[in-house]
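Visitor: With the input below, show me the fold.
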Amino acid sequence: MSPVMIDLLLNALGETVLMTVISGLFSLVAGLPLGLILVMTSPGGIAEHRGVNRVLGLIINGFRSLPFIILLVALIPFTRFLVGTSLGTWAAIVPLSITATPYFARVAEVSLRDVDRGLIDAVRAMGASKLRIVWDVLIPEALPGILSGFVVTLVALIGASAMAGAIGAGGLGDLAIRYGYQRFETSVMIAVIAVLIVLVCGIQWVGDRLVQRIDKRHA
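Guide: Numbering: from 1, shown residues only. Prediction:
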């Protein structure tokens with residue numbers, strides 16, 4: 001590959017990392033509270049409310065049922081309203097964040113549901129408030145699973161960001177389409193694939209190491 005193509009590859013890698021990190025952080029900040037609400041308002045939860053649980057579950061399932069490419073196109077007016085354009089890295093972050101949030105909310109919900117019910121009941125019997133149960137029991141006990149789910153979400157976002165390249169979002173997907181596919185430069189396509197594999201494997205490796213450090217069951 002020429003020095004120019006290497007520069008383009010590094011720039012595309014930076015754009016992909018930027019899209020993944022920002023949309024991933026948004027999904028964490030917004031998705032974890034949604035997962036907590038789903039668990040807390042479920043039947044037998046510490047703040048049981050069937051109405052809230054059903055409505056929130058329907059909304060989350062509705063967004064999760066939409067293929068990303070359809071959501072990407074459907075959100076173009078909203079994206080243009082927020083960032084002033086429907087093209088580029090920052091424009092792609094909007095649909096990426098929206099598609100990742102309900103996904104991570106369900107992942108977090110599964111981990112939170114696995115927390116020992118007896119432990120929760122014991123803390124409640126001691127007079128702990130709902131907020132105290134959340135901070136001292138639910139999140140700490142479910143943290144390894146939540147972190148594992150967040151890593152899976154990041155990996156899914158890398159794939160989605162590459163797909164967003166089909167409509168000019170930038171990143172590795174855009175580079176692969178413009179040069180590897182449209183200009184038939186096989187070396188570019190191979191390089192993009194190799195970088196994506198390394199990126200995904202690196203994120204997964206770091207995530208696995210962090211989970212091992214905080215998982216008390218394997219301490």
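Visitor: isn't residue 185 right next to residue 176, touching?
Guide: No: the criterion here is CB atoms under 8 Å, and residue 185 misses it with residue 176 at 9.6 Å. (Each C-beta comes from the backbone N, C-alpha and C, glycine too.)
Visitor: Comparing these two, which residue is more hemmed in?
Guide: Counted by other CB atoms under 10 Å, residue 185 and residue 176 do not tie: residue 176 has more neighbours, with 25 against 17.
Visitor: you'd agree that one is up against residue 163?
Guide: No: under the criterion of CB under 8 Å, residue 176 makes no contact with residue 163, lying 10.7 Å away.
Visitor: Can I get stretch 194-207 as CSV, trimmed to CA atoms?
Guide: Extracted C-alpha coordinates of stretch 194-207, given in CSV (Å, rounded to 0.1, in the frame of the first residue of the first chain):
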residue,chain,number,x,y,z
ALA,A,194,-7.3,-7.1,9.0
VAL,A,195,-7.6,-3.9,11.0
LEU,A,196,-11.2,-4.7,11.9
ILE,A,197,-10.2,-8.2,13.1
VAL,A,198,-7.3,-6.8,15.2
LEU,A,199,-9.6,-4.0,16.6
VAL,A,200,-12.4,-6.5,17.6
CYS,A,201,-9.9,-9.0,19.1
GLY,A,202,-8.2,-6.2,21.0
ILE,A,203,-11.4,-4.9,22.5
GLN,A,204,-12.5,-8.4,23.4
TRP,A,205,-9.2,-9.2,25.0
VAL,A,206,-9.2,-6.1,27.2
GLY,A,207,-12.8,-6.6,28.1
